[in-house]
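Asker: model the structure of this input:
(chains A and B)
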Amino acid sequence: MSELLQFLFSGLTVGAVYALVALGFTIIYNASDVVNFAQGEFVMLGGMVTWFGHAAGLPLPLAALVAILATAALGVAINKLAIEPARGAPVVSLIIITIGASVFLQGAAQLVFDKQIHSFPAFSGDTPLRIGGATIQPQSLWVIGGALVVFAGLWLFFTRTLLGRAVLATSNNRLAAQLVGINTNFVMTLSFALSAGIGALAGVLATPITLTAYNVGIGFALKGFAGAMLGGMGNPKGALAGGFLIGLIEALTAGYLSSTYKEAAAFVVILLVLFFMPQGLFGRKSTERV
Amino acid sequence: MKKTLTTTVPAALVALGLASAASAEIRLGASVSATGPAAFLGDPEAKTLEMLVEELNAKGGINGEEIALVLYDDGGDANKARTFATRLIEDDEVQAIIGGTTTGTSMSILSVAEDAEIPFISLAGAIDIIQPVKPFTFKTPHTDRMACQKIFEDMQKSGIQKIGMISGTDGFGASMQAQCKDVVGEYGIEIAADETYDPKDADMTAQLTKIRNADGVQAVLNPGFGQGPSIVTRNYRQLGIELPLYQSHGVASDGFIELAGKEAAEGVRLPGTALLVADLLAEDDPQKPVVTAYKAAYEGKFNEPVGTFGGYAHDGFALLVDAVTRAGSAEPAAIRDALEQTAGLAGTTGIYAMSPDNHLGLDLSAFRMLEVKDGRWSIVE
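Answerer: Numbering: from 1, shown residues only, chains lettered A, B, ... in the order given. Sure thing, here's the model as predicted:
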């Protein structure tokens, strides 16, 4: 029993990281149908900038805030300098631009910071909590809590605010959205700022567990993307469920079958789900497009 | 990308016949992975080579000849390494090559170097590089097989007979896992649980729980490098496992203790080099002056802790300087012959003694069993 509980804790810890990254994908996707492959680099920057600030003497909360704001500003810059000039290009071209931005950010981080692995102290110490014979790090609770808060925030944003609906309208039909008075440029800028900020928050929360380095972004982006696809791209509920599901499948496979097959098991489940439900678990139907 | 560190003035003087030395300068080529997936290893190697060449030239070079270093960054790509090796030999006309951060890049450089009969000192771990012996290829790091042997020797002393293994699936972890499984039988030790993790994984408690629950496990061994071993160490303490934990030489650095946390790393053992415990070495230890000097110079210049991998580059360069000095010539064939006769050269990794059938020149004594005590490395006697 305590064994199962330990596997579940392991799965929740990893799943919460995936879910946080997956949530970052949803906003830009909702605003523009673009899958932002630089999302992993936002996560990396959240961790690296916080480490850098903390090492330079800033208190941890301030360093984290600086990291989130700086990354959000960088998200805006990417939108202004790379995405906006290519407005009107097909979605595939925009996705390729984000891949370019990802390569650029990784290279820049390698020069600005360094090539070593870094970390900073966990927020509530390193003494594990014992529950029913199993243990979990306090930092895991921060990550899980972070994922839930971001999810709730996004859900309220998209369903209860005018701005959130404006984002969805922009994605549905940019021209129609402009005609009803939505400033679509502002919506795009906002969505990049929010996505980058959420990515950086994921990096800040996860780094004491996962550690960080200039090249961790791709790994985060892949797993987060898989989680978002499994749950249904663009739906915060899907991102949350998808991320946790992949984490849990991996941990249970590693625990009960073999750690050699844990990635394979997760991807078999993703393939099966997408085969029978191409929109993912909670995805919206895309029938309205012509 | 390309750097030549000598000034042209001495070379010009020689050309004008104003200096008496026979040749202008010694041309040393290097191709390391200063960027890319192996940047973690290649970056300190590149810095070390540049620093040592600068230092040596400031002191007047070898036998009055300065060294011109031509350094390329192959990004960990074996094809690029081959191209750079060819360029080093044909365009830059180097007399020796140091480099090959990974086993892959080393293998491609060595085939080019062997064809051109240019001595090559590899900085990568795999035993295939020097076994079977190739006339012009040498290497400085000990093999992962030796690391396994050193660890199993230590386990044997503590009467450990059943162990669990948790290995990274990256090249380093997978190779060491295979070597350890190959050699474990000789020590009467049985592997009761054999788990793996992806180098990007964030939590290994599932695998460790499985190992803990395996029947009769007395110790755990974790071959791997990068962040994986730090996370394994933290999860190990989180689960409250009391068994001895052995890490590999892949994480032999002060950075490991910092990343895993002092409390979690307490009691961890690994086979490391003298470099990590420079201040703890006995005064009469032949490696003491070498490691102290390198540590002080590197940390003073780059403001980051020295690591085992930069040490490999240091030793490669020391071997070359020693060989050229003894040969009294920088002809590739003369360097090769002198390299093969290296005897008792103290480096940061160990004391090298080469022979025609041994182009590594280190034995198990080069490894020191280290243990984290009070948040610092200490030597296990």
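
Asker: only C-alpha atoms from now on, for both contacts and neighbour counts.
Answerer: Noted.

Asker: mind listing the strands for chain B?
Answerer: Assigned by DSSP state E, the strands in chain B fall at B:25-32, B:66-73, B:96-99, B:120-122, B:137-139, B:162-168, B:190-197, B:219-222, B:245-247, B:269-272, B:345-346, B:351-352, B:368-373, B:376-379.

Asker: how far does the second one sit from the chain's center?
Answerer: The chain centroid and the centroid of strand B:66-73 are separated by 20 Å, computed with CA atoms, centre = their mean, to the nearest Å.

Asker: with stretch B:137-156 instead?
Answerer: 12 Å.

Asker: show me where chain A has its helices.
Answerer: For chain A, applying DSSP state H gives helices covering A:2-32, A:39-55, A:60-78, A:91-112, A:138-160, A:162-172, A:174-179, A:184-210, A:217-231, A:236-256, A:262-276.

Asker: tell me which of those lies nearest to B:L320.
Answerer: helix A:91-112 (30.9 Å; CA to CA).

Asker: present the helices of chain A as a markdown table; the columns should include mean pLDDT.
Answerer: Below are these laid out as a markdown table (pLDDT from 0 to 100):
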| stretch | mean pLDDT |
| --- | --- |
| helix A:2-32 | 91 |
| helix A:39-55 | 96 |
| helix A:60-78 | 96 |
| helix A:91-112 | 93 |
| helix A:138-160 | 94 |
| helix A:162-172 | 88 |
| helix A:174-179 | 88 |
| helix A:184-210 | 93 |
| helix A:217-231 | 91 |
| helix A:236-256 | 93 |
| helix A:262-276 | 87 |
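
Asker: for those helices, give me CSV that also has distance to A:P121 and mean neighbour count.
Answerer: Formatted as CSV, these follow (distance: least, CA to CA, whole Å; neighbours: other CA atoms under 10 Å in any protein chain shown):
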stretch, distance to A:P121, mean neighbour count
helix A:2-32, 17, 27
helix A:39-55, 9, 28
helix A:60-78, 8, 21
helix A:91-112, 21, 17
helix A:138-160, 10, 18
helix A:162-172, 35, 20
helix A:174-179, 44, 14
helix A:184-210, 6, 26
helix A:217-231, 20, 26
helix A:236-256, 24, 26
helix A:262-276, 29, 16
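
Asker: using CSV, lay out these together with distance to B:T140.
Answerer: Formatted as CSV, those follow (distance: least, CA to CA, whole Å):
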stretch, distance to B:T140
helix A:2-32, 39
helix A:39-55, 33
helix A:60-78, 41
helix A:91-112, 28
helix A:138-160, 41
helix A:162-172, 58
helix A:174-179, 62
helix A:184-210, 32
helix A:217-231, 32
helix A:236-256, 37
helix A:262-276, 36
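
Asker: quick one, what contacts A:V167?
Answerer: Applying CA atoms under 8 Å, 6 or more residues apart in numbering or on different chains to A:V167 gives the contacts A:N30, A:A31, A:F158, A:V187, A:M188, A:S191.

Asker: right, I mislabeled it, should have said B:N63
Answerer: Contacts of B:N63 by CA under 8 Å, 6+ apart are B:T325, B:G328.

Asker: what do you get if the cut-off is 10 Å, keeping everything else the same?
Answerer: B:A21, B:V321, B:V324, B:T325, B:R326, B:G328, B:S329 (CA atoms under 10 Å, 6 or more residues apart in numbering or on different chains).

Asker: most neighbours out of these, which is it?
Answerer: Within these, B:V324 tops the neighbour count with 23 neighbours, counted by other CA atoms under 10 Å in any protein chain shown.

Asker: which residue, other than its chain neighbours, is closest to B:F152?
Answerer: The spatially closest residue to B:F152, leaving aside those adjacent along the chain, is B:Y187, at 6.6 Å (CA to CA, 6 or more residues apart in numbering or on different chains).

Asker: so which of the contacts of B:N63 sit within helices?
Answerer: B:V321, B:V324, B:T325, B:R326.

Asker: B:I26 is in contact with the second one, correct?
Answerer: Yes: contact between B:V324 and B:I26 holds when scored by CA atoms under 10 Å: they sit 9.3 Å apart.

Asker: save the ones in helices among the contacts of B:N63 as TSV, and put in distance to A:A213 too.
Answerer: Below are those laid out as TSV (distance: CA to CA, whole Å):
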residue	distance to A:A213
B:V321	35
B:V324	39
B:T325	41
B:R326	43
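
Asker: out of those residues, which touch chain A?
Answerer: Applying CA under 10 Å from any CA of the partner chain, the subset of the ones in helices among the contacts of B:N63 adjacent to chain A is empty.

Asker: between those residues, which is nearest chain A?
Answerer: B:V321 (29.1 Å; CA to the nearest CA).

Asker: is it true that the closest one touches B:I335?
Answerer: Yes: the criterion here is CA under 10 Å, and B:V321 meets it with B:I335 at 9.3 Å.

Asker: show the contacting residues for B:T209.
Answerer: Contacts for B:T209 (CA under 10 Å, 6+ apart) come out as A:S2, A:E3, A:L4, A:Q6, A:F7, A:A134, A:A254, A:G255, B:N235, B:Y236, B:L239, B:I241.

Asker: likewise B:T48?
Answerer: Counting by CA under 10 Å, 6+ apart, B:T48 has contacts B:42, B:54, B:294, B:297-298, B:302, B:306, B:309-314, B:317.

Asker: which of the residues you listed count as buried?
Answerer: Using 16 or more other CA atoms under 10 Å in any protein chain shown as the burial test, the contacts of B:T48 include B:42, B:54, B:294, B:297-298, B:306, B:309-314, B:317 as buried.

Asker: look up how far B:G272 lies from the residue of the stretch 1-150 of chain B found nearest chain A.
Answerer: Using CA to the nearest CA, the single residue of the stretch 1-150 of chain B nearest to chain A is B:F40, 6.0 Å away. Distance, B:F40 to B:G272, using CA to CA, to the nearest Å: 17 Å.

Asker: quick check: nearest residue in space to B:S253, chain neighbours excluded?
Answerer: Of all residues not flanking B:S253 in the chain, B:G307 sits nearest, at 5.4 Å (CA to CA, 6+ apart).
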